[in-house]
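Participant: Take this sequence and fold it.
(one chain, ligands or ions: 1)
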Amino acid sequence: MPATTITTTATTTEYVLFEDSLFEDKYLSPEVQSNLHEGYKLYPLRANDFERGYLDVLSVLTEVGAHTVDTWNSQYQFMKKHNDTYFTITITDEKTNRIAATGTILIEHKFVHKNGLVGHIEDIAVDSSHQGKKLGLRVIEALKYIGEMTGCYKVILDCAVKNIPFYEKCGFTPKESQMAWYI
Ligand code: ACO
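Facilitator: From the prediction side, this is the model:
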């Protein structure tokens with residue numbers, strides 16, 4: 001699917017530019033949208049976010065690797081095919097048209113809790129020049145909203161000990177332990 005579609009009708013010469021989004025706008029919290037400082041806007045991940053520096057923002061979190069437009073598109077299309085599972089949101093600085101913050105909630109389908117759904121929050125990142133402006137908090141609020149909209153019975157995440165106070169401010173409480181096995 002192309003990143004940008006141009007549509008026209010027989011009765012008009014107007015062109016409408018439409019950029020593909022990962023999921024429908026109905027999953028975006030109106031409350032979070034209205035609580036953002038002027039100049040910031042909440043979006044689903046969009047097909048051209050590679051150009052808006054999405055991967056640069058992710059690099060505050062961990063190593064992202066050397067991507068090309070093709071490796072970006074292949075991952076975006078995979079997520080789009082599974083967009084009842086992958087919900088990645090961005091907050092864009094509208095003045096510069098660059099991504100300022102991002103986060104993902106993955107919706108896991110389980111047999112327990114009678115086919116229950118669990119939301120897993122992953123890849124929270126705020127560009128260093130935008131940190132401390134409540135964008136991290138807004139990202140988490142937006143992802144919790146998606147967790148509620150999709151019917152999750154709980155939303156969980158793993159984080160570094162130093163980030164525990166941040167997640168507590170976002171309404172999370174520590175529970176059990178994280179384990180990892182690296183290949
Ligand atoms: N320790 C203590 N308090 C914190 C921290 C912290 N590390 N970070 C933020 N806070 C507090 C703020 O002071 C603020 O408190 P207040 O409401 O009393 O003023 C509140 O939490 C909200 O802070 P925000 O301004 O929303 O934080 P920010 O936008 O800077 O985002 C984040 C925080 C996401 C941790 C950001 O600093 C970041 O991207 N860090 C690097 C990447 C990272 O560590 N991501 C999290 C990985 S875990 C995961 O992905 C599940």
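Participant: for this structure, longest strand please?
Facilitator: strand 98-109 (DSSP state E).
Participant: quick one: average pLDDT of it?
Facilitator: Across strand 98-109, pLDDT averages out at 98.
Participant: List the buried residues of whichever helix or strand comes after it.
Facilitator: Using DSSP states H and E, the helix or strand that directly follows strand 98-109 along the chain is helix 112-115. Of the residues in helix 112-115, none count as buried by neighbour count, 16 or more other Cβ atoms under 10 Å. (Each C-beta comes from the backbone N, C-alpha and C, glycine too.)
Participant: which strands and helices sit next to the longest strand of the chain?
Facilitator: Helices and strands touching strand 98-109, as assessed by 3 or more Cβ pairs under 8 Å, 6 or more residues apart in numbering; DSSP states H and E, comprise helix 54-58, strand 86-93, strand 117-126, helix 135-149.
Participant: Can you give me the buried ones in the shortest one?
Facilitator: Okay, so that is helix 54-58. For helix 54-58, using 16+ other Cβ under 10 Å, the buried residues are 54-55, 57-58.
Participant: Would you mind pulling up the elements that it packs against?
Facilitator: Using 3+ Cβ pairs under 8 Å, 6+ apart: helix 54-58 touches strand 98-109, strand 117-126.
Participant: and residue 150, what does it touch?
Facilitator: By Cβ atoms under 8 Å, 6 or more residues apart in numbering, the contact list for residue 150 reads 27, 84, 87, 107, 117, 119.
Participant: which ones are touching the last one?
Facilitator: Contact criterion Cβ under 8 Å, 6+ apart gives 105-108, 143-144, 146-147, 150, 152, 154-156 as the residues in contact with residue 119.
Participant: Right, and the ligand sits closest to which residue of this structure?
Facilitator: Residue of the chain nearest the ligand, by Cβ to the nearest ligand atom: residue 136 (2.3 Å).
Participant: ok, for that residue, nearest residue in space, not its chain neighbours?
Facilitator: Sequence neighbours aside, residue 126 is the residue nearest to residue 136 in space, at 4.9 Å (criterion: Cβ to Cβ, 6 or more residues apart in numbering).
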